[in-house]
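*Asks:* Mind looking at a prediction? Sequence and model below.
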Amino acid sequence: MIRFSWHPLDTVVVTTLIFLFISIIFLASKKSHSSKSQIDFFLMGRKLTLPLFVATLVSTWYGGIFGVTQIIAEKGLYGWISQSVFWYLAYYIFAIFLVKKIQPLKLMSLPDVIKKNVGPKSAKIAAYFNLIDIIPVTYVISLGLFIQIVLPMNFTTAMLIGVFIVSSYSCIGGFRTIIYTDLLQFILMMSGVLIVAFFSIKEIQSLNHLQESLPKGHLSLLGKESLGTLVAWGCIAFSTLVDPHFYQRIFAANSLKTAKRGILYSTLFWIIFDLSILIGVLQAKSQYPSVPNQHVYFFYALKTLPSGLKGIFLFGVLSTILSTMDSSLFLGAQTWTLDLKKWKNHSMKKKHFLSTWLVGGWAFCLAVLFDGNIKRVWKTLGSLSAASILIPMIFILFSKKKVSDNGLTLTFIVSSLSILLWKGVLKNPFNIDELYVGALVSILFITFDVIIKREPSKTALSSS
């Protein structure tokens, strides 16, 4: 376990940044209290500008820094390809092909899109899947690991403290609070990894020396993994096309142009961030091969960086986690109150308050259930999202045929059950990934429903 010794300069840096962060929360929350409409509270009145769009999307989408660094430390270049390259293609497809179909609808969420174009039953099931996808399990784990770096304590206790702190400020403001804190977090998370990458490049003697210092196969494209596993990760990357955070920000954007350009510009920042992480992790692994993969990047950074910069790096890592965790808690609360229409007898802000704490509690319980294994959380929940919702959503967006409400509801349920059965009960027979099974079931049920119905779509999406 990493133990961080505070230098007075790092204390000054971190204290200053904490004060700035709390000030932003206070000021933004104060303005959010004047929000009287759902659109203003949950979507910032659809006034999200390009700089804020980029800052919130980049910071929100990259909370699993402990998971990514661990996978790259374990798998090398393969880890970077499986966790980065496929995703860039998904972002491009979203920006070029999906935004123009989604943003003009002026809705609130992905389940709203399904409700408008298919029906209320399937929209409600989609909302439950959205909630499963949104619950910030991996970020609770990441925050627990981070707290352990700076304060020696039990891992479960660290996660519980992290959930309490983030839920406390996520429940008091609207989307505006999330956006303005994301702006600060974006600057800090980019600064943190760039600083480490800079020092890593200075230390790397040559590529040959780096390769000799790393485990065998670390710089090969597949490492020791199969092509099928790599493709499965690629399919999970395309779950981006049904990610609730993207839909929320697209609906909050002040124009179609802002949403499209925002995703493309965000992709450039993600590439820079990913390459910085890759350089830092490979150098860390070559320098400290005996340090556990989950901690080696952070161990290296805290050993290498001078005082002052360590404080910036630590708060940058914290920002990477917080920006995703608070957004997920906010969006989970929105899904629970608006899409699933819970807490009907309370005011909008009280419903948001209660739902935020509820989602935070679920996240903590699942983090304990998964025993802090970030990779297993991503693979399990990512497969459910990619296989159960992705195929039907692509059909809804691009097909000239209309799937029935009952047919889509059945597709969601059966495809998810097939994944759980294949993985949990049958234990992936024939070494076939559960994601492929769920996707195949989705395709078969959607196709069957359309053949039976044979009704052309009259939806706004297919005519756009």
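*Replies:* Happy to help now that I have it. Numbering: from 1, shown residues only.

*Asks:* Could you find the closest non-adjacent residue to residue 442?
*Replies:* residue 391 (3.9 Å; Cβ to Cβ, 6 or more residues apart in numbering). C-beta here means a position set from N, CA and C on the backbone, and glycine is covered the same way.

*Asks:* residues near that neighbour, how many?
*Replies:* 23 (other Cβ atoms under 10 Å).

*Asks:* what residues are up against it?
*Replies:* 415, 439, 442, 443, 446 (Cβ atoms under 8 Å, 6 or more residues apart in numbering).

*Asks:* just residue 109 next, same as before
*Replies:* 127, 130, 244, 247, 248, 251, 334, 335, 338, 339.

*Asks:* any idea how far it is from residue 127?
*Replies:* 8 Å (Cβ to Cβ, to the nearest Å).

*Asks:* which neighbours do these two share?
*Replies:* Both residue 109 and residue 127 are contacted by 335, 339, under the criterion Cβ under 8 Å, 6+ apart.

*Asks:* Residue 44 is in contact with residue 254, correct?
*Replies:* No: counting by Cβ atoms under 8 Å, residue 254 sits too far from residue 44 to count as a contact (9.3 Å).

*Asks:* which of those two has more neighbours?
*Replies:* residue 44 (25 against 16).

*Asks:* on that earlier part again, from the contacts of residue 109, which one has the minimum pLDDT?
*Replies:* Minimum pLDDT across the contacts of residue 109 is recorded for residue 130, with 86.

*Asks:* For that residue, pull up the helix or strand it's in.
*Replies:* Assessed by DSSP states H and E, residue 130 sits inside helix 120-134.

*Asks:* Show me what that helix is packed against.
*Replies:* The contact analysis (3 or more Cβ pairs under 8 Å, 6 or more residues apart in numbering; DSSP states H and E) places helix 120-134 against helix 110-117, helix 244-252, helix 309-334, helix 374-385, helix 405-420.

*Asks:* With mean neighbour count and distance to residue 79 as extra columns, can I get those helices in CSV?
*Replies:* Output for the helices and strands packed on helix 120-134, formatted as CSV (neighbours: other Cβ atoms under 10 Å; distance: least, Cβ to Cβ, whole Å):
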stretch, mean neighbour count, distance to residue 79
helix 110-117, 23, 29
helix 244-252, 25, 23
helix 309-334, 26, 17
helix 374-385, 20, 10
helix 405-420, 20, 24
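
*Asks:* Can you say which of these is nearest to residue 57?
*Replies:* helix 244-252 (5.5 Å; Cβ to Cβ).

*Asks:* Show the subsequent helix or strand relative to the closest one.
*Replies:* That would be, after helix 244-252 and using DSSP H and E, helix 256-287.

*Asks:* Now do the buried residues in that next one.
*Replies:* 258-263, 265-267, 269-270, 273-274, 276-287 (16 or more other Cβ atoms under 10 Å).

*Asks:* Now the helix holding residue 130 - C-alpha only, PDB.
*Replies:* Provided in PDB are the C-alpha atoms of helix 120-134 (Å, rounded to 0.1, in the frame of the first residue of the first chain):
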ATOM      1  CA  PRO A 120     -43.500   3.700 -22.200                       C
ATOM      2  CA  LYS A 121     -42.900   0.000 -21.200                       C
ATOM      3  CA  SER A 122     -39.600  -0.300 -23.000                       C
ATOM      4  CA  ALA A 123     -38.600   3.200 -21.900                       C
ATOM      5  CA  LYS A 124     -39.000   2.200 -18.200                       C
ATOM      6  CA  ILE A 125     -36.900  -1.000 -18.700                       C
ATOM      7  CA  ALA A 126     -34.300   1.100 -20.500                       C
ATOM      8  CA  ALA A 127     -34.300   3.500 -17.500                       C
ATOM      9  CA  TYR A 128     -33.500   0.600 -15.100                       C
ATOM     10  CA  PHE A 129     -30.600  -0.400 -17.400                       C
ATOM     11  CA  ASN A 130     -29.500   3.200 -17.500                       C
ATOM     12  CA  LEU A 131     -29.500   3.200 -13.700                       C
ATOM     13  CA  ILE A 132     -27.400   0.100 -13.600                       C
ATOM     14  CA  ASP A 133     -24.900   1.700 -16.000                       C
ATOM     15  CA  ILE A 134     -24.900   5.000 -14.100                       C
END
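
*Asks:* where does this structure have low pLDDT?
*Replies:* Residues of the chain that meet the criterion pLDDT under 70 lie in 1-4, 32-35, 223, 372-383, 385-386, 453-464.

*Asks:* So which residue is dead centre in it?
*Replies:* Nearest to the geometric centre of the chain sits residue 61, at 4.4 Å (Cα atoms, centre = their mean).

*Asks:* isn't that one right up against residue 324?
*Replies:* Yes: judged on Cβ under 8 Å, residue 61 makes contact with residue 324 at a distance of 7.1 Å.

*Asks:* residue boundaries of the helices in the stretch 101-250 of the chain?
*Replies:* 110-117, 120-134, 137-150, 155-170, 175-203, 207-213, 227-237, 244-252 (DSSP state H, counting those that start in this stretch).

*Asks:* For residue 320, which of these is the nearest?
*Replies:* The nearest among the helices of the stretch 101-250 of the chain, by Cβ to Cβ, is helix 175-203 at 4.3 Å.

*Asks:* Please point out which parts of that closest one sit buried.
*Replies:* Those would be 175-186, 188-197, 199-200, for helix 175-203 by 16+ other Cβ under 10 Å.

*Asks:* Just the buried residues of the host helix or strand of residue 351, please?
*Replies:* For residue 351, the host element (DSSP H and E) is helix 348-369. By neighbour count with 16+ other Cβ under 10 Å, helix 348-369 contains the buried residues 348-349, 351-360, 362-364, 366-368.

*Asks:* from the chain's centre, how far out does it sit?
*Replies:* Relative to its chain's centre, helix 348-369 lies at 17 Å (Cα atoms, centre = their mean, to the nearest Å).

*Asks:* Residues touching it, excluding its own?
*Replies:* Residues contacting helix 348-369 (Cβ under 8 Å, 6+ apart): 33, 38, 41, 131, 134-137, 139-141, 144, 156, 159-160, 163-164, 166-167, 170-172, 174, 328-330, 332-334, 336-337, 342-343, 346, 377.

*Asks:* so that helix versus helix 120-134, what angle?
*Replies:* Interaxial angle, helix 348-369 versus helix 120-134 (axes from the mean of the first three to the mean of the last three Cα atoms, to 10 degrees): 60 degrees.

*Asks:* what angle do helix 348-369 and helix 137-150 make?
*Replies:* Going by the same axes, to 10 degrees, helix 348-369 makes 70 degrees with helix 137-150.

*Asks:* Numbering from 59 from now on, please.
*Replies:* All set: I'll call the first residue 59, so the last point we hit is now helix 406-427.

*Asks:* Could you tell me the angle between helix 406-427 and helix 367-392?
*Replies:* 120 degrees.

*Asks:* Send me helix 406-427 as PDB with only the CA atoms.
*Replies:* Provided in PDB are the C-alpha atoms of helix 406-427 (Å, rounded to 0.1, in the frame of the first residue of the first chain):
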ATOM      1  CA  MET A 406     -38.300  18.300  -7.400                       C
ATOM      2  CA  LYS A 407     -35.300  19.300  -5.200                       C
ATOM      3  CA  LYS A 408     -36.300  17.000  -2.300                       C
ATOM      4  CA  LYS A 409     -36.600  14.100  -4.700                       C
ATOM      5  CA  HIS A 410     -33.200  14.900  -6.100                       C
ATOM      6  CA  PHE A 411     -31.800  15.000  -2.500                       C
ATOM      7  CA  LEU A 412     -33.200  11.700  -1.500                       C
ATOM      8  CA  SER A 413     -32.400  10.000  -4.800                       C
ATOM      9  CA  THR A 414     -28.700  11.100  -4.700                       C
ATOM     10  CA  TRP A 415     -28.200   9.400  -1.300                       C
ATOM     11  CA  LEU A 416     -30.100   6.300  -2.500                       C
ATOM     12  CA  VAL A 417     -27.900   5.900  -5.500                       C
ATOM     13  CA  GLY A 418     -24.800   6.600  -3.400                       C
ATOM     14  CA  GLY A 419     -25.800   3.800  -1.000                       C
ATOM     15  CA  TRP A 420     -26.300   1.400  -3.900                       C
ATOM     16  CA  ALA A 421     -22.900   2.200  -5.300                       C
ATOM     17  CA  PHE A 422     -21.200   1.600  -2.000                       C
ATOM     18  CA  CYS A 423     -23.000  -1.800  -1.500                       C
ATOM     19  CA  LEU A 424     -22.100  -2.900  -5.100                       C
ATOM     20  CA  ALA A 425     -18.400  -1.800  -4.600                       C
ATOM     21  CA  VAL A 426     -18.300  -4.100  -1.500                       C
ATOM     22  CA  LEU A 427     -20.000  -6.900  -3.400                       C
END
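
*Asks:* Thanks a lot, see you next time.
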